[in-house]
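A.B. asks: how would this look folded up:
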Amino acid sequence: VEIQFPAWISQFLSRSREDKTGRLFVQHEELQEQLRKLERKILAKISKDQQLSVKDVGVTLHKEGIIGVTEEQVHHIVNDALKRYSEDRIGMVDYALESGGASVISTRCSETYETKTALLSLFGIPLWYHSQSPRVILQPDVHPGNCWAFQGSQGFAVIRLSSSIHPTAVTLEHISKAVSPRGTIPSAPKDIAVFGLEEEGQQEGVLLGKFTYNQDGDPIQTFHFQDIDREATFQLVELRVLSNWGHPEYTCIYRFRVHGDPVS
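C.D. replies: All right, here's what the predicted structure looks like:
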């Protein structure tokens, strides 16, 4: 719609010149009627695409040997998938989302890895190397390369959440091998630990859990905490990456989310 509408409005306004009526303005009612037609056309296209999606799902289910699925059930499957996608794909509140008020307040001794590819240069002399800020791990854009890369296989990030919560789980996201330019993701984190901190300068917090990110699993992996004191609440959380999947120079974090129950 964003692509087609400017061309459509230009064509509509220039139609008067084509039929040599010489009008420079159009009636409000005429424009409104044309917009209603465009709206109906767009809705019809969306409806058609959705019906095709439903048919594709039905065909796939039958190919997999799943029979007895009604069209209504397929509609429910498609709509449920679309709903889950619109809910940040996991259906849980992210208290580490930067646009929601969270922020990275420290990376301790972790050093950001520079690609050594000059973004700006003068007479061949590099003026600025491009590298992503640690802030990117709290943002939803996870296109290949849009990550925080730190040197080595161990790194830290201390995050101030958007509010104080009782933490229940964290989600770590990396790109899949399918969209990686080389078909591998050795820079993905492997073993991680998550701590709750009482204050920013605290060196050792409360261990919430240790987990392993599976490079062959789903790109978005959620890890639930076990045996956490229900009275424990934190607004500061530390992510520690203890190892990666084999890259000798750097480790990449694409997105880190924190879930939990808000403090009443």
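A.B. asks: can you give me the strands for this protein?
C.D. replies: Applying DSSP state E to the chain gives strands spanning 103-106, 118-122, 125-129, 148-151, 155-173, 191-197, 206-212, 220-224, 234-241, 250-253, 255-262.
A.B. asks: which among these is found nearest to residue 72?
C.D. replies: Closest of the strands of the chain to residue 72 is strand 220-224, at 28.9 Å (criterion: C-beta to C-beta). C-betas here are computed from N, CA, C, even on glycine.
A.B. asks: coming back round to it: nearest to residue 112, of the strands of the chain?
C.D. replies: Across those, residue 112 has its closest neighbour in strand 148-151 (5.9 Å, C-beta to C-beta).
A.B. asks: quick check: residue 221 touching residue 171?
C.D. replies: Yes: assessed by C-beta atoms under 8 Å, residue 221 is found in contact with residue 171 at 6.8 Å.
A.B. asks: so the two - more neighbours on which side?
C.D. replies: Legend: neighbour count by other C-beta atoms under 10 Å for residue 221 and residue 171, higher for residue 171 (19 against 16).
A.B. asks: leaving out sequence neighbours, find the closest residue to that one.
C.D. replies: residue 257 (4.0 Å; C-beta to C-beta, 6 or more residues apart in numbering).
A.B. asks: give me the pLDDT value at residue 206.
C.D. replies: pLDDT, residue 206: 93.
A.B. asks: state the distance from the nearest residue to it once chain neighbours are set aside to residue 233.
C.D. replies: Excluding the flanking residues, the one nearest residue 206 by C-beta to C-beta, 6+ apart is residue 196, at 4.5 Å. Counting by C-beta to C-beta, to the nearest Å, the separation of residue 196 from residue 233 is 8 Å.
A.B. asks: ok, the two, which is more surrounded?
C.D. replies: Just comparing residue 196 and residue 233: by other C-beta under 10 Å the higher neighbour count belongs to residue 196, 23 against 16.
A.B. asks: the more buried one contacts residue 234, correct?
C.D. replies: Yes: assessed by C-beta under 8 Å, residue 196 is found in contact with residue 234 at 3.7 Å.
A.B. asks: mind listing the shared neighbours of those two?
C.D. replies: Shared contacts of residue 196 and residue 234 (C-beta atoms under 8 Å, 6 or more residues apart in numbering): 167, 205-206.
A.B. asks: now the nearest residue to residue 110 once chain neighbours are set aside, which residues is it bridged with?
C.D. replies: Nearest residue to residue 110 in three dimensions, chain neighbours excluded: residue 155, at 4.0 Å (C-beta to C-beta, 6+ apart). Judged by DSSP bridges, the bridge partners of residue 155 are residue 241.
A.B. asks: burial of residue 155, as a residue count?
C.D. replies: Residue 155: 28 neighbours (other C-beta under 10 Å).
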